[in-house]
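J.: Got a sequence here, can you build the structure:
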Amino acid sequence: MKALRFSLRTKLLLSVSLLIVIDSVALGQFFARQEAANIRRSVVSRGVSLARGFAYNSEYGTITADEELLLRVAQGVMRERDVVYCAVHDESGHVLAKLERDGRTGVLASLDHAAGSEPFSEQGVEVDGFDLAGDEHIYQFACPIYIQRQERTAEEISLLFGEASAGGWEGVGGADIGGAPASLTADESADREMVGRALVGISLAEMNSRLARGTRLAILLTLLVVGVSLSLTVPIIQAIVEPIRDLVLGTKRIAHGDLSIKVPVQSRDEIGKLADSFNQMVDDLRCSREEIEEYNRTLEQRVAERTADLEKRNREILALNRSLRETQEQLITSARLAAMGEMSAEIGHELNNYIAVISGRADLIPLTIEKGAFDKAIENARTIAEQTSRIQVLTNGLMDSSRRDTRQMNCDLTRLIADTVDFVKPQNKYDKVQFHIDIGQPVPMMRLDPQQMQQVLLNLLSNAADAIGPEREGHIRVRSRWDREADEVVVEVQDDGPGVPGELLQRIFEPSFTTKKHGHGFGLAVCHRVVTNHRGTISVSSNPEWGTVFRIALPAGQGAEGPKGEPEDARAESESPA
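T.: Alright, predicted model coming up:
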């Protein structure tokens, strides 16, 4: 169910009307209660006065038990229009005299204590509420009748009351009936003795009628106040809401893009200031929109100019890139030619050295044979064979360095390491070397070129043995492990030789660079190229205290599957060439 939506004017009207009604009703109830209390106090005060006067004038009749005298006094009380009954009781409660309103009998016998009525005392008179037949409510006022405690003679009594008796008591119920003393002091009460009680019953019908008239008057006055207040409230609320309604209509027109709106300023109060601020805001928005429109009119031209400038710069950058690529290609070509020239010169120099030795020894062989020095001839022949072997080593290194393709297959790297170590152990250069193979956790099957990877291990083991030297005992440690966090397999080859000087480590993988006396400088370059072709890395660290360590890191993910286009038999092959 949707919530009811009221306008601001309706909300203000309802709120103010509700407050007016609540205040008027509360004020009417307050005055009605005050009027009711005043009426009740008036009735009680009048009843107390009647009861006290009745008791005062009935003192002699009560003492003498003169019913006729008491009835004459009671007739004076009954002249009051709202008195229902009056009676005099002696001290034992016996009725000495009573009178009831004409047409009513047995009123005293039919008294029923009113529910919720609590008796109270007012100026020594007991006041209590009773119900009569026909739902009529009365207040009964009971005033004690006292006499002096000292004994009096008949003459004193005649002197005290003889005048009243002679006068016939006709005036007792008139103006003189209220001539009783207002109250008795404590000493006076102590000197007097109660001989009876005077009862006066006053009907509350007239009081209730007055209360009803007062209530109706209060209701009428409340309705009149509410009507007048609302008639004054409506134009006041209209005067408050009208400027706000103009502001609301103005905001709606602004929301639709109309910035020509002007809200009339009808007063200089807070709402008038708000309207003035609203008009100022509209003027600012209109100026801003005009500036934006002017900016947009020139924006396309600026964008076109900027675009042309960027295109020009882009063409210049492209031309510069082409020039840089051409220059780079020229530099690479020049570097290649220079490297080839340098390498050719070095290779020619090495070959000339070998050829010079071979040529000299070959010239000596015929001479030594002619002289019969066959031992010398054999030695020269061995030198020629040795130099020829060195030339073969040089040419093999050149061919290995120029080889770029790899034939990868499933390979057990751990077995390849063990087979390579077993392969080199019988060679003379490893006679004084102790091998230590440390295979860590199992290494997964990998996609490798077994021949090339074994060539890398052979070169590293050969370099380690050369670093130790043939004259001293040494140790070569080969370690492998699987780094799961980096997802790579690491192989380390360490010797305990004298190490490599720090300034030479940066050039150790350069082609034709070597620190050996009879080295050709292609072994480590080939190792670097093979490892790189396998998407791995090779590094070196060296220290005179613990020797040199070559570290190879190969991606373990290579063992997932073979390269595309490779035959199935090549993928299944895992046999080591050693």
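J.: list the buried ones in stretch 215-235?
T.: Within stretch 215-235, the residues scored as buried using 16 or more other CB atoms under 10 Å are Thr215, Ala218, Thr222, Val225, Val226, Ser229, Thr233. (C-beta placed from N, C-alpha, C; glycine too.)
J.: Which residues are in contact with the first one?
T.: Contacts of Thr215 were listed using CB atoms under 8 Å, 6 or more residues apart in numbering, and they are Ala32.
J.: Could you rerun that using 10 Å?
T.: Thr215 makes contact with Gly28, Gln29, Ala32, Arg33, Glu35, Ala36, according to CB atoms under 10 Å, 6 or more residues apart in numbering.
J.: just checking, next helix/strand downstream of the helix or strand it falls within?
T.: Using DSSP states H and E, the element containing Thr215 is helix 205-255. Heading C-terminal from helix 205-255, the first helix or strand you meet, by DSSP H and E, is helix 270-370.
J.: ok, the contacts of Thr215 vs Thr64, which is closest?
T.: Distances from Thr64 to the contacts of Thr215, taken as CB to CB, are shortest for Ala36 (42.8 Å).
J.: Just give the number of residues close to that closest one.
T.: 16 (other CB atoms under 10 Å).
J.: ok, and the closest non-adjacent residue to Phe141?
T.: Closest residue to Phe141 apart from its sequence neighbours, by CB to CB, 6 or more residues apart in numbering: Ala51 at 3.7 Å.
J.: and if you look at Glu206?
T.: Per CB to CB, 6+ apart, closest to Glu206 is Asp82, 5.2 Å.
J.: That neighbour contacts Met207, correct?
T.: Yes: the pair Asp82 / Met207 is scored as a contact, 8.2 Å apart, by CB atoms under 10 Å.
J.: What's opposite Leu554 in the beta bridge?
T.: Val489 (DSSP bridges).
J.: List the residues that contact it.
T.: 413, 443, 446-448, 453, 488-491, 531, 534-538.
J.: Which of these scores worst on pLDDT?
T.: For those, the weakest pLDDT value sits at Val443, with 82.
J.: and that residue, backbone torsions?
T.: Val443 adopts backbone torsions of phi -100, psi 130, taken as degrees, to the nearest 10.
J.: That one contacts Arg481, doesn't it?
T.: Yes: counting by CB under 10 Å, Val443 touches Arg481, with 7.7 Å between them.
J.: Now list whatever residues contact both of those two.
T.: The contact sets of Val443 and Arg481 overlap at Val489, Val490, Val491 (CB under 10 Å, 6+ apart).
J.: Can you tell me which of the contacts of Thr215 is closest to Cys527?
T.: The closest of these, once distances to Cys527 are taken by CB to CB, is Gln29, at 111.0 Å.
J.: and the closest one, how many residues sit next to it?
T.: Each residue near Gln29 was counted by other CB under 10 Å, and the total is 14.
J.: Find the residues that touch each one of Asp82 and Met207.
T.: Counting by CB under 10 Å, 6+ apart, the common neighbours of Asp82 and Met207 are Val43, Tyr139.
J.: before we move on, back to that, any chance of the contacts of Thr215 in TSV, with pLDDT, distance to Glu91 and secondary structure too?
T.: Shown next, in TSV, are the contacts of Thr215 (pLDDT from 0 to 100; distance: CB to CB, whole Å; DSSP: H, G, I helix; E, B strand; the rest coil):
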residue	pLDDT	distance to Glu91	secondary structure
Gly28	74	49	helix
Gln29	78	46	helix
Ala32	76	43	helix
Arg33	82	40	helix
Glu35	79	40	helix
Ala36	79	37	helix
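J.: And those, which is closest to Met194?
T.: Ala36 (33.8 Å).
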